[in-house]
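Participant: Here is a sequence together with a model predicted from it:
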Amino acid sequence: MIKFFTRISLLILTAFAVTSCGYRVGDIKPAQLEGVESIAIPLVKNDTLQPRTAQIVTGALISQMEQDGTYSIAQSETADAVLNGRVKSIERRQLRSARDNQLRSRELELRIEFEYELVEKATGDILSRGTFFSSTNVFVSANYQTAERQALPEAARQLAIDLTTRLTEGY
């Protein structure tokens with residue numbers, strides 16, 4: 001019985017020691033985003049000729065922000081800040097060619113260039129701004145367009161992860 005109380009008291013002491021060291025459990029936002037609790041994500045602009053890119057990137061951003069949970073997603077009227085974005089370019093680069101024909105691609109890199117601004121709704125101040133490059137590799141099958149269409153959501157998902165990390169953790 002004495003061992004049980006000794007273990008319990010050691011556990012309580014350890015918990016107290018850890019909490020008094022300055023460690024914090026939960027979301028720790030960057031200093032400039034301390035007052036932001038909700039973010040609105042309108043449809044991003046698309047400067048490319050690739051169809052449905054704006055919808056794919058916006059959906060990936062909303063999904064990743066919801067999954068992270070640091071900020072709630074709100075309508076523009078009720079949000080603390082608005083995340084405006086623009087897909088500047090989508091580039092394709094050959095990584096691997098066919099053995100018998102170097103002009104025929106076997107593996108491609110699909111790269112997205114994305115600019116964003118996080119604007120505080122009340123004051124109009126820009127809280128965060130930057131440019132991201134996200135990429136994914138895709139093996140090209142007989143149908144080039146299908147392979148590229150399947151790679152775009154993966155590149156958008158990686159872009160959303162990187163941007164969410166920047167906004168929630170500051171790097």
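Facilitator: The structure has been received and is ready for your questions.
Participant: drop to CA atoms for contacts and neighbour counts, all remaining ones
Facilitator: Will do.
Participant: quick one, helices of this structure?
Facilitator: Along the chain, the segments classed as helices by DSSP state H run 2-19, 53-68, 144-169.
Participant: Now these in TSV, please, with extra columns for mean neighbour count, mean pLDDT and distance to residue 123.
Facilitator: Compiled in TSV, the helices of the chain are given as follows (neighbours: other C-alpha atoms under 10 Å; pLDDT from 0 to 100; distance: least, C-alpha to C-alpha, whole Å):
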stretch	mean neighbour count	mean pLDDT	distance to residue 123
helix 2-19	11	66	36
helix 53-68	19	95	23
helix 144-169	18	88	19
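Participant: mind checking which of these is nearest residue 97?
Facilitator: When the helices of the chain are compared by C-alpha to C-alpha, helix 144-169 sits nearest residue 97, at 13.4 Å.
Participant: Next, the angle helix 53-68 makes with the closest one.
Facilitator: Interaxial angle of helix 144-169 relative to helix 53-68 (axes from the mean of the first three to the mean of the last three C-alpha atoms, to 10 degrees): 40 degrees.
Participant: Check which helices and strands helix 144-169 sits against.
Facilitator: Here helix 144-169 touches helix 53-68, strand 105-120, strand 126-139, going by 3 or more C-alpha pairs under 8 Å, 6 or more residues apart in numbering; DSSP states H and E.
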